[in-house]
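*Asks:* one predicted model, sequence on top.
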Amino acid sequence: MTVLLAIGTSKGLFLATSGNRVDWQVSAPHFPMTSIYAVGIDQRRGAPRLLAGVDSSHFGPSVATSDDLGETWSEPDHAPVAFPADTDASLVRVWQLTPGPASEPDVVYAGTQPSALFRSDDGGRTFALVRSLWEHPHRPDWGAGFGGQAIHTILPHPADPARVLVAMSTGGVYRTNDGGETWSPGNTGIRAGFFPDPFPEFGQCVHKVARAAGDPTRLYAQNHGGVYRSDDEGSTWSSIADGLPSDFGFPIVTHPAEPSTLWTFPLAADSERFPPDHRCRVFRSTDAGASWSALSAGLPTEPFYPTVLRDAMCADNATPSGVYFGTRSGEVWSSRDEGESWVPVAAHLPDVLSVRAVEL
């Protein structure tokens, strides 16, 4: 077994590999001195394709692809993700790169800032704006979260290419069931305490949404205050925050095979973005959020202050599943036993923005 862990940071992309998920070899940075907010690993072909959202302060945002595990990279001469001239908008950043379902092996989605969805039909080399979402009547009222206005979650349905869910800060969850012809909000039950009406149709600051493996109608969400589950693909949501030390945080990660298992990394509050009690702990539920367990074996025991961002936590597809997270202080941790114990992958990296892992 070989596991590849892609680590996007504020100063480049690092690729780590391991045969046992204990001892790791970490590369020098690819795309040094660029921010890598989005990493995708597409395994729908014979060889995995790596996709990186490269954000250069000099050249601007782009998307690069590699079909040889980072030995070489391909990047088009023109911007692969760009707003049409008539939109009067310009791309700030690519926040998400998500392969489509297996039945559409050339489809890749990109979520951007400002909040927009782009679709590629050539494996991530060129993208076109999904105008139906961009022209949604709610769009003028979508706001910006603390990190900006962006679509950061894209969840294609694994069996039905016509069904796609996206989430944004701020705006909430939107869904299409007709291949993107129309989009409707899916936020019923998600609280937005900063509004006079705390349960609006849209406008929620959803931080991340994950789909349960084996049950595509089940979703989990980490909100700006609130952890939720939906059993009807986003039509309604219910709180599963009881048992957590805080309902604020950024990531939510689902098990690759067990629909009732998920992980999160709580923070104390939106005004205190440290782990509760300044303790480094991952929380896991194995019963769809009915109860939670703190997992910390091998993690730092001294006071711990860093944040784990929404895309800086993931699980791999090995058995048992590996779990990974990176911090804004440049530490990356790995568990090969679903969170029971942890080992360091790397330290002293730049600010970790995104992680993705697969068994090759």
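*Replies:* Great, that's in hand. Just so it is clear, the structure is predicted and the values come from calculations on it, not from any experiment.

*Asks:* what residues does the helix or strand where residue 266 lies touch?
*Replies:* Counting by DSSP states H and E, the element that carries residue 266 is strand 262-267. Strand 262-267 has contacts (C-beta atoms under 8 Å, 6 or more residues apart in numbering) with 210, 212, 220, 222, 227, 244-255, 273-276, 281-285, 288-289, 307-308, 313, 315, 323, 325, 339. The way it works is simple: take the backbone N, C-alpha and C, and place the C-beta from them, glycine included.

*Asks:* how about a cut-off of 7 Å?
*Replies:* Contact partners of strand 262-267, identified using C-beta atoms under 7 Å, 6 or more residues apart in numbering, comprise 210, 220, 222, 227, 244-246, 248-249, 251-255, 273-276, 282-285, 307-308, 313, 323, 325, 339.

*Asks:* need the helices for the stretch 101-250 of the chain, in chain order.
*Replies:* Assigned helices in the stretch 101-250 of the chain, in chain order: 131-134 (criterion: DSSP state H, counting those that start in this stretch).

*Asks:* where does the prediction get shaky in it?
*Replies:* Flagging of the stretch 101-250 of the chain using pLDDT under 70 yields an empty set of residue ranges.

*Asks:* all strands for it, in order.
*Replies:* 108-113, 116-120, 128-129, 150-156, 164-169, 172-176, 184-185, 206-211, 219-223, 227-230, 238-239, 248-254 (DSSP state E, counting those that start in this stretch).

*Asks:* I'd like these as a markdown table, with distance to residue 2 and mean neighbour count appended.
*Replies:* What follows is the strands of the stretch 101-250 of the chain, written out as a markdown table (distance: least, C-beta to C-beta, whole Å; neighbours: other C-beta atoms under 10 Å):
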| stretch | distance to residue 2 | mean neighbour count |
| --- | --- | --- |
| strand 108-113 | 24 | 26 |
| strand 116-120 | 27 | 23 |
| strand 128-129 | 35 | 16 |
| strand 150-156 | 27 | 25 |
| strand 164-169 | 31 | 28 |
| strand 172-176 | 35 | 23 |
| strand 184-185 | 42 | 17 |
| strand 206-211 | 25 | 24 |
| strand 219-223 | 29 | 27 |
| strand 227-230 | 33 | 25 |
| strand 238-239 | 39 | 13 |
| strand 248-254 | 21 | 24 |
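
*Asks:* what's residue 242 sitting at in phi/psi?
*Replies:* phi -60, psi 130 (degrees, to the nearest 10).
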